[in-house]
Structure formats: structure tokens, C-alpha cells
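> Have a look; sequence and predicted model below, questions after that.
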Amino acid sequence: MMKLLSCRFNMDTNRVEARFEDGTTLAIDCIAIEDEYGSTPAQRAELDWLLYNKPLEYAQLVLGGELEHYLSLGCDHGRLED
């Protein structure tokens with residue numbers, strides 16, 4: 001796989017747009033990802049947090065097949081604090 005250079009979340013299309021070093025671009029459908037992996041409110045919150053704060057890491061997790069493992073770790077970036 002080519003090196004992933006940059007990503008940005010496009011709120012208008014609800015996609016993460018990724019650009020690779022060879023000039024290839026890819027759009028990840030975030031609704032499809034949430035439907036597949038966001039089975040709990042906490043998982044959906046974590047996916048949203050990644051989209052807004054770390055779209056490059058989001059794309060790397062999706063493309064590398066690691067998203068399910070990441071969510072199983074119980075990350076809590078997207079949870080509201082008291």
C-alpha cells in the first residue's frame with residue numbers, strides 16, 4: 001500500500017478524503033463505517049472524535065483493518081466529561 005499523506009473530514013459528504021504519495025485519492029464513507037463498527041453509543045462517540053480530531057489516524061485504522069480492534073480497547077476520547 002502506498003504511503004498515506006493527508007486526510008480531511010468533509011462534513012458535506014460525510015467522508016474522509018485521503019491522499020496518497022502517488023497522487024491517488026480515496027473517500028471513506030463514514031456512515032457505512034459507523035453502521036458496521038459503531039454498535040454502541042460509546043463506539044459511535046469514539047468514531048466521531050476520530051473524524052473531527054484525527055482523520056489521518058481514522059483512515060489508517062479503516063484501511064489497515066484495525067478499527068474493530070481499536071474500538072475494542074475501550075477508548076474514551078468521545079465521551080463527555082462531568
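Everything's here; your move. Please read all numbers here as calculations on a predicted model, not as lab measurements. Residues are numbered from 1 along each chain as shown.
> Please name the nearest non-neighbouring residue to Val16.
Closest residue to Val16 apart from its sequence neighbours, by CB to CB, 6 or more residues apart in numbering: Ile28 at 4.4 Å. (Glycine included, C-beta is placed from N, CA and C.)
> Now do the helices in this structure.
Assigned by DSSP state H, the helices in the chain fall at 30-37, 41-53, 55-63, 67-72.
> Now render these as a markdown table, adding distance to Glu17, mean neighbour count and mean pLDDT.
Listed next are the helices of the chain as a markdown table, based on distance: least, CB to CB, whole Å; neighbours: other CB atoms under 10 Å; pLDDT from 0 to 100:
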| stretch | distance to Glu17 | mean neighbour count | mean pLDDT |
| --- | --- | --- | --- |
| helix 30-37 | 11 | 15 | 92 |
| helix 41-53 | 12 | 18 | 91 |
| helix 55-63 | 8 | 19 | 93 |
| helix 67-72 | 17 | 15 | 90 |
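> residue nearest the centroid of this protein?
For the chain, Tyr58 is the residue whose C-alpha lies nearest the centre (CA atoms, centre = their mean; 2.9 Å).
> from what I can see that residue touches Cys7, true?
Yes - Tyr58 lies in contact with Cys7 (CB atoms under 8 Å); the separation is 7.1 Å.
> any common contacting residues for the two?
Here Tyr58 and Cys7 have Val16 as joint contacts, going by CB atoms under 8 Å, 6 or more residues apart in numbering.
> quick one on the thing from earlier: per-residue confidence, the residue nearest to Val16, what does it come out as?
pLDDT, Ile28: 96.
> For Tyr37, see how far away it is.
Ile28 sits 12 Å away from Tyr37, taking CB to CB, to the nearest Å as the criterion.
> if we can go back for a sec, identify the residues contacting the residue nearest to the centre of the chain.
7, 9, 16, 28, 47, 50-51.
> hmm, back to that, may I ask you to confirm that the residue nearest to Val16 is in contact with Asn10?
No - applying CB under 8 Å, one finds Ile28 not in contact with Asn10, separated by 10.2 Å.
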